[in-house]
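S.K.: For reference, the sequence and a predicted model appear below.
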Amino acid sequence: DASWFATIQPATRLRARARSSPPMSSFSSPPMSSTVDTADEATTEEKPHGRAPWWIWLVIAFATIGISFAGVLLQNELHETPPISRACWRLTLTTFLLAPMAIFEYDRWVKTSEDRLKMKMYERKTWLVLLGSGFALAVHFAAWVMSLDMTSLAHSLLFVTTSPLLILIANAVFKGRKPSVLEVVGVMTSLIGAAITLIDIRDDAEVTAGGDALAFFGAVAIVFHIECGRSLRYWMPTSVYAFPVTFLAAVFLAIGACAFGENTPVFGWATSPKGWWYVLLA
């Protein structure tokens, strides 16, 4: 899933601010809490000028391609596997793919970051947020993949992609943050694109209110996942954040699959004749 790449932005802003800010003398150094202690300050300050690293766009491009195939593959090609197991297999594979990047980035981060940031990694609050983020990601995938079995692909995609609108509303209501023109345009563009998918519907017999509700619930869950990431990603490297969250989500999905009576092995993708489809999705 490409959702966690949205959490790259806070850290990119901080690095850009560090590059663009003039050096300060030792007599005018700000307190550490002004740049590290709260995520709100890091994410609500005026956006500095600066370009994101080139590789971010490459990663986003590949993630966009993968997620574009997800709905079709999960509903049509991979429908023999129970829904929660489908979601579990996908995230299990993603965890394996993230592991080497997380190890490399963590090693580099430990060698170059300040001790106060390294200590934050082991704080109870940090792991509670990671746990919450992983749980929200698991709920998102479980609800969305289950909706694919209960409603049409067009309806499922329409409701699950309302998350940008929900984020915009939540920021306005709970944080008093007025959306920018580009944010409004981006949300409207995504919703129009999702609505276009409804044009080819000829028979709504396959559409159910329960399936639509599950897809929307998946959108709500991903908002919590993104907000959890926003509170950590302003100081935590991307892969170091994504790996434990994806791992925890896979664990939650494995537990959920057992709870719902889906008698499938956690690593069933390894022996599945369609295992390569899960590799593409991961």
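M.R.: Structure's in. What do you need?

S.K.: for this structure, what spans make up the strands?
M.R.: Using DSSP state E, no strands are found in the chain.

S.K.: For it, give me the ranges with low pLDDT.
M.R.: 1-53, 55-56, 66-79, 194, 197-205, 268-271, 273-282 (pLDDT under 70).

S.K.: biggest helix in this structure, by residue count?
M.R.: Longest helix of the chain, by residue count under DSSP state H: helix 83-112.

S.K.: Pull out the buried positions in that helix.
M.R.: Neighbour counts over helix 83-112 (16 or more other CB atoms under 10 Å) mark 83-95, 98, 101-102, 105-106, 109 as buried. All C-beta spots, glycine's among them, are computed from the backbone N, C-alpha and C.

S.K.: residue contacts, L248?
M.R.: Taking CB atoms under 8 Å, 6 or more residues apart in numbering as the criterion, L248 is in contact with 130-131, 133-135, 137-138.

S.K.: could you redo the last one with a cut-off of 7 Å?
M.R.: 130-131, 134 (CB atoms under 7 Å, 6 or more residues apart in numbering).

S.K.: Report the separation between it and I192.
M.R.: 35 Å (CB to CB, to the nearest Å).

S.K.: Repeat that for A170.
M.R.: 21 Å.

S.K.: Name the residue in those two with the higher neighbour count.
M.R.: Set A170 next to I192 and count neighbours by other CB atoms under 10 Å: A170 wins out with 16 against 9.

S.K.: hmm, back to that, okay, and which of the contacts of L248 map to helices?
M.R.: Going by DSSP H, the helices hold 130-131, 134 from the contacts of L248.

S.K.: So which of the residues you listed is the closest to A259?
M.R.: Nearest to A259 among the ones in helices among the contacts of L248: G134, at 16.6 Å, using CB to CB.

S.K.: Next, work out how far apart the closest residue to the closest one other than its chain neighbours and L131 are.
M.R.: Counting by CB to CB, 6 or more residues apart in numbering, L248 is the residue found nearest to G134 once chain neighbours are left out, at 2.8 Å. Applying CB to CB, the value for L248 to L131 is 6 Å.

S.K.: Please apply the same query to S190.
M.R.: 29 Å.

S.K.: hang on, isn't V145 packed against T81?
M.R.: No. With contact defined as CB atoms under 7 Å, V145 does not reach T81; the gap is 9.6 Å.

S.K.: Would you mind telling me which of the two has more residues around it?
M.R.: Between V145 and T81, counting by other CB under 10 Å, V145 is the more crowded of the two (28 against 21).

S.K.: hey, where'd the helices end up in the stretch 151-282 of the chain?
M.R.: In the stretch 151-282 of the chain, helices defined by DSSP state H, counting those that start in this stretch lie at 153-160, 163-174, 181-196, 209-232, 238-259, 275-281, listed in chain order.

S.K.: Going by neighbour count, which residues of the longest one are buried?
M.R.: Translated: helix 209-232. Buried, per 16+ other CB under 10 Å, within helix 209-232: 211-212, 214-232.

S.K.: what helices or strands is the longest helix of the chain leaning on?
M.R.: helix 124-148, helix 238-259, helix 275-281 (3 or more CB pairs under 7 Å, 6 or more residues apart in numbering; DSSP states H and E).

S.K.: okay, the angle between that helix and helix 238-259?
M.R.: Per axes from the mean of the first three to the mean of the last three CA atoms, to 10 degrees, the angle that helix 83-112 makes with helix 238-259 is 150 degrees.

S.K.: Alpha carbons only: can I get stretch 147-158 in CSV?
M.R.: Taking C-alpha atoms only, stretch 147-158 is exported to CSV below (Å, rounded to 0.1, in the frame of the first residue of the first chain):
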residue,chain,number,x,y,z
SER,A,147,-15.8,-5.0,1.0
LEU,A,148,-14.5,-6.3,-2.4
ASP,A,149,-16.4,-9.6,-1.7
MET,A,150,-19.6,-7.7,-0.8
THR,A,151,-19.9,-4.9,-3.3
SER,A,152,-18.7,-3.8,-6.7
LEU,A,153,-15.1,-2.8,-7.4
ALA,A,154,-16.3,0.6,-8.4
HIS,A,155,-18.2,1.2,-5.2
SER,A,156,-15.4,-0.2,-3.0
LEU,A,157,-12.8,2.1,-4.6
LEU,A,158,-15.1,5.1,-4.5
